[in-house]
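Student: have a look; sequence and predicted model below, questions after that.
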Amino acid sequence: MPSLPQERVIQGPSSLDLNTELPYQSTIRRKVTKKKKKETITANVAGTKFEIVRLVIDEMGFMKTPDEDETSNLIWCDSAVQQEKIAELQNYQRINHFPGMGEICRKDFLARNMTKMIKSRPLDYTFVPRTWIFPAEYTQFQNYMKELKKKRKQKTFIVKPANGAMGHGISLIRNGDKLPSQDHLIVQEYIDKPFLMEGYKFDLRIYILVTSCDPLKIFLYHDGLVRMGTEKYIPPNESNLTQLYMHLTNYSVNKHNERFERDETENKGSKRSIKWFTEFLQANQHDVAKFWSDISELVVKTLIVAEPHVLHAYRMCRPGQPPGSESVCFEVLGFDILLDRKLKPWLLEINRAPSFGTDQKIDYDVKRGVLLNALKLLNIRTSDKRRNLAKQKAEAQRRLYGQNSMKRLLPGSSDWEQQRHQLERRKEELKERLAQVRKQISKEEHENRHMGNYRRIYPPEDKALLEKYENLLAAAFQTFLSGRAASFQRELNNPLKRMKEEDILDLLEQCEIDDEKLMGKTARTRGPKPLCSMPESTEITKRQKYCSSDSSYESSSSSSEWDEDEKEEYQTKKREKQVTYNLRQSNHYKLIQPASSIRRSFSCPRSISSQSPSSAEIRPLSAQQMVPASRPTSGSRSHSLNRASSYMRHVPHCNDTSSTNSHMIIVAQ
């Protein structure tokens, strides 16, 4: 058979000449690289009817998924969701409702919980009108009406359905005899001396963002809506009780009046912005700072009432999640607030599904900002899903191979073994808390950069105000618990929740020293070394400074997400290296015997346990301390715990019934 043209026939055993180039074959093997698929943040918006939610999702660069997709990063629903759905969510997902928030969003539940809190703290909850819940409190209301008749006083009351909305079924009365005794109603004293604007009564719609319930985080949006009545206000009398356009400020009611003004300018019309209203107050010599302070205090105190219910319901949905974990829930709430003639705010109701309809331009401008800034604060990232899957795999391997698991203490163990076991448990607890503190710091840094028009109102920066809120939170938990869930109280009283990063590092270091003493190792003479239980700082090559922050709303490829991960790891190691470097600056350390009579147990190093002076004993060798002769510089740990007897801090044990205001006592020599 004839050969093809230019074809060389190889005969016999001779090998192919490697230098010969075939016309149809290349000697260079090209590396085939697969282009990595670009990750995007996904959102399921099947549960909302508002178009502005979809527009904001598109503006953020999120990709909308099919309605049946349950794996989206973000799930948005207009109505409350079932607890079973929240329980099925993965840690990387976010849904816009908390379980248990109905305890303040239903009118009857809000009245019931507020009544309990008023009995406990009457001076702090003066912003709620006096309220009766029918049919349970029908008799009390009738008795109150009889007292008014004896005093020859007459008041106006507003009657609302217990679970109503949009102004349906609301009426005003002055005689309670005709009220049905078995209907589920809410009866409130009517505030008949409101602050008027151009002769009209109005209320404020304040938007609040709750990003977490463990710990509680509340943000207030510095804009909102002013919703005005459409009839000139006249104090209620027998002739005008039925004129709802005068007494009610609900938009869903007044929009049906022919006098409703749909003006597109911000200083005219029946609906205006709170931004314009604050300028109006300032122009009329009112204290705007006090106005916002009063609004913030009302919001925080109200959500403090809800916090025990929300936290309990959330943990029931998410069992096994450690405290401080990333919250899968967030919520945008609409607070309806009325101002009286002294500009004192009064809480009317709370909407857990505020309307995001955009009938007017002012609606679009305000509500777009509310949603856009809220999603930026949430910091949803494309790497969240990948990290969650990697974490689940690592935890499964640890469970399978028994890595990093605490050995059980066998019965009849020696004192030495018990002390070692207690120290190991203590170190694990401290390291877990340290990781939570560092993660919280990272989240706060992101929030401070992307807060937009929101402002964090809880936890506040003012320490005195924070202490006041914590006292109210303790009272709310005490009211909620009633002996049912003492574990919440114990956790609230845990002194570790108040410690900062440097304090936890000091306690971890002391655990290391005690452990070395128990093992019989030589005492340190040149100062503390890097913690054995913590990752040691390694030399890191210089990196380019991150001038621009990486946020969730910027479209980023997988490489930019990897840069973000490296950035977080680099910053964490840099802080650890700085702490180690500062500790090594003090080279003169000495052993001293403490002069105090406080005895420290091995399981609670130095600042956690104490005994009375009468029970003081000679400390074991492990109680000797390595103390620097001079205090560290300001760049080092300024709050080091128990370096010497002259700087000894003691945190008392807190039982279940004690107040949550656990504090540290510094005993000076």
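Tutor: Looks like it arrived, so ask away. Quick caveat: nothing in here was measured; it's all calculated off a predicted structure. Residues are numbered from 1 along each chain as shown.
Student: okay, strands next: where are they in the stretch 151-300 of the chain?
Tutor: Taking DSSP state E, counting those that start in this stretch as the test, the strands found in the stretch 151-300 of the chain are 157-161, 171-173, 185-189, 196-197, 200-213, 216-228, 271-273.
Student: residue 84: which of these is closest?
Tutor: If you check each of these against residue 84 by CB to CB, strand 200-213 wins as the nearest, at 18.5 Å. Placement of C-beta: from N, CA and C, glycine included.
Student: can you give the strand pairings for that closest one, parallel or anti for each?
Tutor: In its sheet, strand 200-213 lies beside strand 196-197 (antiparallel), strand 216-228 (antiparallel), strand 331-339 (antiparallel), with partners assigned from DSSP bridges.
Student: list the buried residues of it.
Tutor: Neighbour counts over strand 200-213 (16 or more other CB atoms under 10 Å) mark 200-213 as buried.
Student: Throw the strands paired with strand 200-213 into TSV and include mean pLDDT, thanks.
Tutor: Supplementary listing: those in TSV, determined by pLDDT from 0 to 100:
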stretch	mean pLDDT
strand 196-197	92
strand 216-228	94
strand 331-339	96
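Student: TSV for the ones you listed, including mean neighbour count?
Tutor: Written out in TSV, the entries for the strands paired with strand 200-213 read as follows (neighbours: other CB atoms under 10 Å):
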stretch	mean neighbour count
strand 196-197	16
strand 216-228	22
strand 331-339	21
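Student: out of those strands, which is closest to residue 462?
Tutor: Distances from residue 462 to each of the strands paired with strand 200-213 were compared by CB to CB, and the smallest falls on strand 216-228, at 14.4 Å.
Student: what's the closest of the strands of the stretch 151-300 of the chain to residue 112?
Tutor: Taking CB to CB as the measure, these were each checked against residue 112, and strand 185-189 came out nearest at 10.1 Å.
Student: average pLDDT for the closest one?
Tutor: Strand 185-189 shows a mean pLDDT of 91.
Student: can you list contacts of that strand?
Tutor: Residues lying outside strand 185-189 but in contact with it, judged by CB atoms under 8 Å, 6 or more residues apart in numbering, are 107-108, 111, 129-134, 141, 155-162, 176, 179.
Student: for residue 395, grab phi and psi.
Tutor: Here is the backbone geometry of residue 395 (degrees, to the nearest 10): phi -70, psi -40.
Student: residue 388 versus that one, what's the distance?
Tutor: According to CB to CB, to the nearest Å, residue 395 and residue 388 sit 11 Å apart.
Student: mind checking which of the two has more residues around it?
Tutor: Per other CB atoms under 10 Å, whichever of residue 395 and residue 388 has more neighbours is residue 388, with 15 against 10.
Student: so that one sits right up against residue 92, yeah?
Tutor: Yes. With contact taken as CB atoms under 8 Å, residue 388 and residue 92 are classed as touching, separated by 4.3 Å.
Student: give the full set of residues in contact with residue 242.
Tutor: Residue 242 makes contact with 171-172, according to CB under 8 Å, 6+ apart.
Student: do the same with residue 337
Tutor: Applying CB under 8 Å, 6+ apart as the definition, the contact partners of residue 337 turn out to be 203-204, 206, 295, 298, 345-348.
Student: cool, and residue 69?
Tutor: Neighbour list for residue 69: 42, 44 [criterion: CB under 8 Å, 6+ apart].
Student: again with residue 331
Tutor: Taking CB under 8 Å, 6+ apart as the contact definition, residue 331 lies against 96-98, 101, 209-210, 352.
Student: who wins on neighbours among those residues?
Tutor: Within the contacts of residue 331, neighbour counts (other CB under 10 Å) peak at residue 98, which reaches 27 neighbours.
Student: identify the residue nearest residue 208 in space, chain neighbours excluded?
Tutor: residue 333 (4.5 Å; CB to CB, 6 or more residues apart in numbering).
Student: quick one on the thing from earlier: weed out the non-buried ones from the contacts of strand 185-189.
Tutor: Buried subset of the contacts of strand 185-189 (neighbour count, 16+ other CB under 10 Å): 107-108, 111, 129, 131-134, 141, 156-160, 162, 176, 179.
Student: before we move on, the earlier item: now the residue nearest to residue 208: how far from residue 192?
Tutor: According to CB to CB, residue 333 stands 27 Å off from residue 192.
Student: per-residue pLDDT, residue 258?
Tutor: Turning to residue 258, the model gives it a pLDDT of 84.
Student: gap between it and residue 239?
Tutor: Counting by CB to CB, the separation of residue 258 from residue 239 is 21 Å.
Student: and the helix ranked longest in the chain, which residues are buried?
Tutor: Of all the elements of type helix in the chain, the one with the most residues (DSSP state H) is helix 415-449. Going by neighbour count (16+ other CB under 10 Å), the buried part of helix 415-449 is 419-424, 426-427, 429-431, 433-434, 436-438, 443, 446-447.
Student: same question, stretch 169-187
Tutor: Buried residues in stretch 169-187 (16+ other CB under 10 Å): 170, 172-173, 176, 179, 185-187.
Student: what about the stretch 251-400 of the chain, any weak spots by pLDDT?
Tutor: Scanning the stretch 251-400 of the chain for pLDDT under 70 picks out the ranges 322-324, 392, 398-399.
Student: that one: helices as residue ranges?
Tutor: With DSSP state H, counting those that start in this stretch as the definition, the stretch 251-400 of the chain shows helices at residue ranges 251-254, 274-283, 288-317, 361-378, 383-401.
Student: just checking, what packs against the shortest one?
Tutor: Contacts defined by 3 or more CB pairs under 8 Å, 6 or more residues apart in numbering; DSSP states H and E place helix 251-254 against strand 216-228, helix 244-247.
Student: closest one to residue 268 among these?
Tutor: Across those, residue 268 has its closest neighbour in strand 216-228 (10.6 Å, CB to CB).
Student: and stretch 173-182, average pLDDT?
Tutor: Taken as a whole, stretch 173-182 carries a mean pLDDT of 82.
Student: stretch 71-81 too?
Tutor: Throughout stretch 71-81, pLDDT has a mean value of 91.
Student: what about that stretch, start to end distance?
Tutor: For stretch 71-81, the separation between the terminal residues is 16 Å (CA to CA, to the nearest Å).
Student: mind listing what's buried along that stretch?
Tutor: By neighbour count, and taking 16+ other CB under 10 Å as the criterion, the buried residues in stretch 71-81 are 72-78, 81.
Student: what's the answer for stretch 362-381, then?
Tutor: 362-364, 366-381.
Student: now swap in stretch 454-462 and tell me
Tutor: Counting neighbours by 16+ other CB under 10 Å, one finds that the buried residues in stretch 454-462 are 454, 456-460.
Student: then stretch 46-54?
Tutor: Those would be 47-48, 50, 52-53, for stretch 46-54 by 16+ other CB under 10 Å.
Student: filter these down to the ones in strands?
Tutor: Among these, the members falling in strands (DSSP state E) are residue 47.
Student: and the buried residues of stretch 46-54, which is closest to residue 408?
Tutor: Comparing every one of those with residue 408 (CB to CB), the shortest separation belongs to residue 47, at 46.6 Å.
Student: nearest residue to the closest one other than its sequence neighbours?
Tutor: In this structure, residue 47 finds its nearest non-sequential neighbour in residue 77, 3.4 Å apart by CB to CB, 6+ apart.
Student: follow-up on the earlier one: output the strands paired with strand 200-213 as JSON lines; include the columns distance to residue 478.
Tutor: Below are these laid out as JSON lines (distance: least, CB to CB, whole Å):
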{"stretch": "strand 196-197", "distance to residue 478": "41"}
{"stretch": "strand 216-228", "distance to residue 478": "16"}
{"stretch": "strand 331-339", "distance to residue 478": "24"}
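Student: re the thing from before, okay, and which of the contacts of residue 331 map to strands?
Tutor: With strands defined by DSSP E, the entries of these inside them are 209-210.
Student: any idea how the protein splits into domains?
Tutor: Each structural domain of the chain that the record assigns through the TED database is listed here as a residue range: 42-91, 101-129+191-378.
Student: so which of those domains is nearest residue 477?
Tutor: Nearest to residue 477, of all the domains of the chain, is domain 101-129+191-378, at 5.0 Å by CB to CB.
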